[in-house]
Structures are given as structure tokens and as C-alpha cells.
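Q: let's see this in three dimensions:
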Amino acid sequence: MSTPFLPSLRPIHYASIGALFLFVALSLAGAGGAMVRDTDPLWHIAAGDWIWQHHAIPQHDPWSFTAGEYRWLDISWAWDAWFSFLYAQGGWQEAASVNALIIGLTVALIYAACLARSGGMGASLIATLGAVTLLSLHLRPLQITDLMTALWLLILGGVSRGQCRAAWLTALPVSMMIWVNMHGGFVVGPILLAAFFLQALWDRRYRLAMHLCLCGLATLAALLCNPYGWQIFEATWRPLTTVANRFINEWQPLTLSPHVLLLHLYAVLFLILTPRRLLPVAAAERWLAYFWLLMGVISIRHMYIFAIVSAPVFACFLQARLGRFAWPAHAVAIRKTLLRYYDRPLIAIMTGLLSVALCVWLPSASPRLYGQQPVEIPELHAETAFIRAHYPQSCLLTHFNLGGIILYETRGAIPVFIDPRTETAYPPAVLKDYWRFLKAQPGWEDIFARYRLDGVLLPNDDEDVLLDRFRGHAGWTEAFRGPHATLFLRSAP
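A: Got it, this is the predicted structure:
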């Protein structure tokens, strides 16, 4: 069967892509609020609510007392508005069901790229499952970057190998207009495009290089379709270079921690099992994987991109090995049966229609189907109620992990010192002062006089061992201990 896109794939391949999407999306939709495992979704909802209420994008932070006139570059403003709308319609379950659809589509696209590269369903499925173990399930705009990376890799790989027409490159600048307004990870797109462009020049495929060059120019124009113009690059650079990355776990370098054992295993297997001499893989595909692996060693956050770009190369290796394997007779019979009964255009069309129907039906049906799952983010109702009742005018140093919760619950009634938006919303000096306080560096006590602070609000889990610094010490009084946080106030001199 000839298809408009990737004609090398058979109907059973397209059917398996749709089936994988349906399985992943339905499975993850049942997780509901359990996908919310950090406080970032809270400030995204608050920002989206602000956008809907004011019909504008915030220029300065409205919830803190430290940001001042520093310009807030909300590079995820479109996600915030969309996410806020979803949350208002159906709570955490509705938002999580849409997140499940995005992840399901990402996994399906990774699998499609593996199929187009290797041609083997078994090898592609194994490579995809290996990559999926490294992906994040968090309800965040980074899911858009994962989705777009998989889409761009599929299209660029297909066009570069002559598996689909160059006209499909027009989808890239169109998708960039969405990507650039959703998440700062849009910079991955031009990197992918540049790699395939250089590969085309190296292979002296000048016609392809011209198409990729024109696509790059159109992509550059699409990048400017955002509220900040050229400043969008500054907005993206800020989170990459901020001092806050020193105390955000996902921005830390790769370590030998057992929590990332699967990541280490996948990376080692990739390096060992995919030597250049054994695979007919383009240099661009291999070096993209190596580049993002290096970036992932520098910062764990980049391992998500490594997982996506490495999967097709891994699938190529697996297919070469599986092709030499002597399969049992019953396995060969099963394969022939599948090809005889399921390698049909009607099956592929039906799975495609089911996938579209799922995207339309699941967000509205998910809350009724699964029920509201518990959200793992702690609530600070008792703590914020006490502060508002007894110390409404107080100026508090709020812990980084509490800032997003407080601004979500109080919307500025209790101004925060800092929250996970880091340098996109806060001046570098504020973040440096907080780092000095967090690590008890010389002069950290000066922060209280500089910002005229009345006290501190610290989490009870005390991962940073901060509570002992104030409990029982002269000049400090434990004013309130709530379920999740403790309030310390400075004693009058």
C-alpha cells in the first residue's frame, strides 16, 4: 500500500503505531493526579489564570516581593493558558489525561521513527521501550519538547533517507510556532535541522541541502512568532545558566546514584552495542545521539532528548541482530499469520480512527472513568491560613520548594521570596542570595536585613538541614508548625 507519508511502511506497521499509542495513552490516563509529582504545575496554573483574567501576558512577577521590576519572560505562556483551561474544566484528571495523550503520541512517534529506520517491528518496539524508561511523565510543558523532538526526528529522517517527500518539511516551521510558545526546549529543533543539513552537504546531496536550508529559514521566521521576539533566546538561556540549577535536582550532572540505574544501563548499552562499523547509520544520526548523551552527562534533564534521538539507531542495531537469529518454527508461523490477517489497509485506517476518537473522547471521559486520583503535592492550607490570620504583613523567606505552592494558594496575598520559575522571573542577585542562605555560606545572615525579612518558612522534611539552624537558636522563635512546613520568626532586638 502506498501512503502519503513513509511509503516504505506497511499497513501492519501503521496499525502497530496506532495500537501502541492507544495502549500508552489509556494506561497513563488512569494515573491521573499521580502524574503531578512536583510543584511546577501549580505556578503554571496560576500563570494561566492570570493570563485569562487580564487577557495579557505578565511582564513582571505579581506574586513575590523580590522580583521587583525585573522582567518576567514566561516562555511557556501558551502552555500555561492551555493548562489553566484544562484544569478549570476537569481538575487534575482532565489535565493528566491530556498529558497522557501527549506522552502516548510521543511514544508512537519514537516507535514510528524506529520502524522507518530499521524496518523491524520487534526491534523497534524493544528500542522504543528502552527509550521510554528514560522519559519523564511529569505534567509539564517539557512534554511538548519531547513530542516535537520525536516529530522532527521522524520527518527529518524520512526526508533525508528519501522515504517521504521534501514537502513534509513544511510541517517543521508550522510546528515551531507552537513549540516556541510552549517551552524553551524549542532550541532542540534547529540543532536537529542543522545536523541533517550538514549531513546532506557532506553527502553532496545539494538538492536536499537546499530544501533543508529553506526549511531552516522558515523555521527562523517561525521562531519570531512569539511575544518576546529575539528575546526568546535570552529567555531560554536564563534557565540554562542560572545559579538555581545548583539546587534543582534534574539540572545536576549525571551521577552513579541508584535512582538513575536504568539511565546508566541504557547509555552504556547504546555505547557498547552500536559501534560505527556494524551499522549503516548516517553520521548525523549517530552524532546527535552522542551530543545529547554528553549534554545528559552534564545535566540529567537532557537525557530525555538523548533517549528520543538514540532510539532509531538502537533499533537499527537490534534489527541487524534479530535478523541473524534462528527463530523457532512456531514464531515464524505467528509472524506469517499476523502478516496474512492484519497487514491490511482497513486495519491501519481503523486504528487511526480509534486514535483520533481517543484524543477527542478521553479528556472529557477520563474524570468519570478513572475518578480523581490523589495529588502528591503537599497542601499548605494550615500554614498559609495561620500566616494570613496572625502575620498578614510579614515578609518571609519562603523555601524554594514551597514558593510554587504558596503563590498558587494565595495568589500574592503571601508574597514569596523565590519559587521554581528561577531566573525567568527573578533577578540573578536574588537567586545567588538564596544559594548563599541555603548553603550557609559566609554572610548568609545578611539576607534578613537586606530584604527586611521577618522570618522563614521551611519544609518539615528538611532535606537541606535548615530547621536545626533556627530551632532553639537565640533570636528566633518557632511560631507555628504545620503538617508540611514550619514558620520561624525573628525576635525583636
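Q: you'd agree residue 267 is in a strand?
A: No. Counting by DSSP: H, G, I helix; E, B strand; the rest coil, residue 267 is not part of a strand but helix.
Q: need the contact list for it.
A: 293, 296, 303, 306 (Cβ atoms under 8 Å, 6 or more residues apart in numbering). In short, each C-beta sits where N, CA and C put it, glycine included.
Q: do you know the pLDDT at residue 354?
A: Residue 354 is assigned a pLDDT of 94 by the prediction.
Q: now the nearest residue to it once chain neighbours are set aside: phi and psi?
A: Excluding its sequence neighbours, the residue lying closest to residue 354 (Cβ to Cβ, 6 or more residues apart in numbering) is residue 22, at 6.2 Å. Backbone torsions of residue 22, given as degrees, to the nearest 10, read phi -60, psi -40.
Q: pretty sure residue 22 contacts residue 350?
A: No. Counting by Cβ atoms under 8 Å, residue 22 sits too far from residue 350 to count as a contact (11.1 Å).
Q: looking at those two, which is more packed in?
A: residue 22 (17 against 13; other Cβ atoms under 10 Å).
Q: which residue ranges of the stretch 151-300 of the chain form helices?
A: Assigned by DSSP state H, counting those that start in this stretch, the helices in the stretch 151-300 of the chain fall at 171-179, 188-202, 206-223, 231-241, 261-273, 283-298.
Q: whatever helix or strand residue 457 lives in pairs with which strands, parallel or anti?
A: For residue 457, the host element (DSSP states H and E) is strand 455-459. Next to strand 455-459 in the sheet, as set by DSSP bridges, lie strand 396-398 (parallel), strand 485-490 (antiparallel).
Q: show the average pLDDT along that strand.
A: In the prediction, strand 455-459 has an average pLDDT of 94.
Q: for it, which positions count as buried?
A: 455, 456, 457, 458, 459 (16 or more other Cβ atoms under 10 Å).
Q: helix or strand: which one has the closest residue to residue 84 other than its chain neighbours?
A: In space, and not counting its chain neighbours, residue 84 is closest to residue 48: 2.5 Å by Cβ to Cβ, 6+ apart. In this structure, residue 48 is located in helix 40-54 according to DSSP H and E.
Q: put the alpha carbons of that helix into CSV.
A: Output of helix 40-54 as CSV, limited to C-alpha atoms (Å, rounded to 0.1, in the frame of the first residue of the first chain):
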residue,chain,number,x,y,z
ASP,A,40,5.7,23.2,38.8
PRO,A,41,2.2,22.6,37.6
LEU,A,42,0.9,24.9,40.4
TRP,A,43,2.7,28.0,39.1
HIS,A,44,1.8,27.1,35.5
ILE,A,45,-1.9,27.1,36.6
ALA,A,46,-1.5,30.4,38.4
ALA,A,47,0.2,32.0,35.4
GLY,A,48,-2.5,30.7,33.1
ASP,A,49,-5.2,32.0,35.4
TRP,A,50,-3.5,35.4,35.4
ILE,A,51,-3.4,35.4,31.6
TRP,A,52,-7.1,34.6,31.2
GLN,A,53,-8.1,37.2,33.8
HIS,A,54,-6.0,40.0,32.3
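Q: can you tell me the element the closest residue to residue 367 other than its chain neighbours falls in?
A: Counting by Cβ to Cβ, 6+ apart, residue 367 lies nearest to residue 93, which is 4.3 Å off, once chain neighbours are set aside. In the assignment (DSSP H and E), residue 93 maps to helix 77-118.
Q: name the residues of the following helix or strand past that helix that are buried.
A: Using DSSP H and E, the helix or strand that follows helix 77-118 in sequence is helix 121-132. By neighbour count with 16+ other Cβ under 10 Å, helix 121-132 contains the buried residues 121, 122, 123, 124, 125, 126, 127, 128, 130, 131, 132.
Q: residues contacting the third one?
A: Taking Cβ under 8 Å, 6+ apart as the contact definition, residue 123 lies against 114, 315, 316, 318, 319, 322.
Q: can you do 6 Å?
A: Residues counted as contacts of residue 123 (Cβ atoms under 6 Å, 6 or more residues apart in numbering) are 315, 318, 319, 322.
Q: now the second one
A: Under the criterion of Cβ under 6 Å, 6+ apart, the contact partners of residue 122 comprise residue 322.
Q: same question for the fourth one.
A: Shown here is residue 124, whose contacts under the criterion Cβ under 6 Å, 6+ apart are 111, 114, 115, 118, 315.
Q: surely the first one and residue 21 touch.
A: No. Between residue 111 and residue 21 no contact is recorded; they are 8.6 Å apart, counting by Cβ atoms under 6 Å.
Q: higher neighbour count, those two?
A: For the pair residue 111 and residue 21, the greater number of neighbours falls to residue 111 (30 against 26), based on other Cβ under 10 Å.
Q: state the distance from that one to residue 71.
A: 41 Å (Cβ to Cβ, to the nearest Å).
Q: who's the nearest residue to residue 401 once chain neighbours are set aside bridged to?
A: Leaving aside its chain neighbours, residue 401 sits nearest to residue 459 (5.8 Å; criterion: Cβ to Cβ, 6+ apart). Taking DSSP bridges as the rule, residue 459 bridges to residue 485.
Q: how near is residue 459 to residue 379?
A: Distance from residue 459 to residue 379, by Cβ to Cβ: 13 Å.
Q: what's the answer for residue 161, then?
A: 52 Å.
Q: again with residue 227
A: For residue 227, the distance to residue 379 - Cβ to Cβ - is 33 Å.
Q: hmm, back to that, quick one, what contacts the residue nearest to residue 401?
A: The neighbourhood of residue 459, defined by Cβ under 6 Å, 6+ apart, consists of 399, 401, 485.
Q: by pLDDT, give me the weakest of the residues you listed.
A: Lowest pLDDT within these is found at residue 401 (91).
Q: element containing that one, please.
A: Counting by DSSP H and E, residue 401 is part of helix 400-410.
Q: got the contact list for that helix?
A: Contacts for helix 400-410 (Cβ under 6 Å, 6+ apart): 39, 42-43, 46, 63, 380, 384, 398, 414, 416, 418-420, 459, 485.
Q: thank you, goodbye.
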